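Participant: Pasted the sequence and its predicted model underneath.
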Amino acid sequence: MDKGKNLIIGILVILLGVSVYFNFQKENVPSEQQNKAPQTSRLSDDDLFQKKQECQQYREQIEAKLKELAFFNPDTGYQSTSFLEKLFFSPKANTCLYVVKEWGLVNKKLTWETLTLNDALTGEILTSSLREVGNKDYLQRKQAFEEYLKDYE
């Protein structure tokens, strides 16, 4: 039984010693290294222009994909349409992003509308805003989407 207690006490002493060592090391790091935060590099105007130009190469591919999503059912009069509203380089996301506007019509009457912010490289949807006709919070949703978008522009 004494050997078991001694083993447990020994392990606890070692763990305490390791903890004190690392705590001491952390406190003795020079202050300039402790306060050094990772810096995001700011793109020069030329680099930003080049990135914007590179993003434009995705335009045709995105528009073709959106055109394939168009739908019309003559029996019900339901139609959905999608189009590219904006394509841009986002310094925050460090990638090309685009906004898609989609809407649904029944007998040529608007029933819903959606805005989505997408990553052009991965296809990931970052956010979207849905408006259903008659929904009272449409303006708040649209404004929230626009504020979110501004953060990425």
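Facilitator: Nice, thanks for sending it over. Residues are numbered from 1 along each chain as shown.

Participant: looking at it, Val100 is touching Thr81, isn't it?
Facilitator: No. When contacts are counted by Cβ atoms under 8 Å, Val100 is not listed as touching Thr81 (10.6 Å). Using the backbone N, CA and C atoms, a C-beta is placed for each residue, glycine as well.

Participant: Look at the two and report which has more neighbours.
Facilitator: Shown here are Val100 and Thr81; by other Cβ atoms under 10 Å, Val100 has more neighbours (21 against 15).

Participant: how about that one, secondary structure?
Facilitator: strand (DSSP: H, G, I helix; E, B strand; the rest coil).

Participant: check contacts around it.
Facilitator: Applying Cβ atoms under 8 Å, 6 or more residues apart in numbering, we find Val100 in contact with 66, 82-85, 114-116, 118.

Participant: got the buried residues for stretch 63-82?
Facilitator: 66, 79-80, 82 (16 or more other Cβ atoms under 10 Å).

Participant: now the protein, which segments are flagged as low pLDDT?
Facilitator: Scanning the chain for pLDDT under 70 picks out the ranges 1-41.

Participant: go with 80
Facilitator: Across the chain, the ranges flagged by pLDDT under 80 are 1-42, 131-136, 138-139.

Participant: All the helices of it, residue numbers only.
Facilitator: Using DSSP state H, the helices found in the chain span residues 2-27, 31-34, 45-56, 59-69, 138-152.

Participant: Work out the gap between the third one and the centre of the chain.
Facilitator: Taking Cα atoms, centre = their mean, to the nearest Å, one finds the center of helix 45-56 at 20 Å from the center of the full chain.

Participant: Centroid-nearest residue for this protein?
Facilitator: Leu126 (4.2 Å; Cα atoms, centre = their mean).

Participant: surely Ala102 meets Thr114?
Facilitator: For residue 102 the amino acid is Glu, not Ala. Yes. Glu102 is within contact range of Thr114, at 4.6 Å (criterion: Cβ under 8 Å).

Participant: Now, of the contacts of Val100, which are buried?
Facilitator: Listed as buried from the contacts of Val100 are 66, 82, 84, 114-116, 118; burial here means 16+ other Cβ under 10 Å.

Participant: which of those lies closest to Arg59?
Facilitator: Nearest to Arg59 out of those is Leu84 (Cβ to Cβ; 7.0 Å).

Participant: Would you check how far apart the closest residue to Ala70 other than its chain neighbours and Asp45 are?
Facilitator: Once flanking residues are discounted, Ala70 sits nearest to Thr81: 5.5 Å by Cβ to Cβ, 6 or more residues apart in numbering. Going from Thr81 to Asp45 by Cβ to Cβ, to the nearest Å gives 37 Å.
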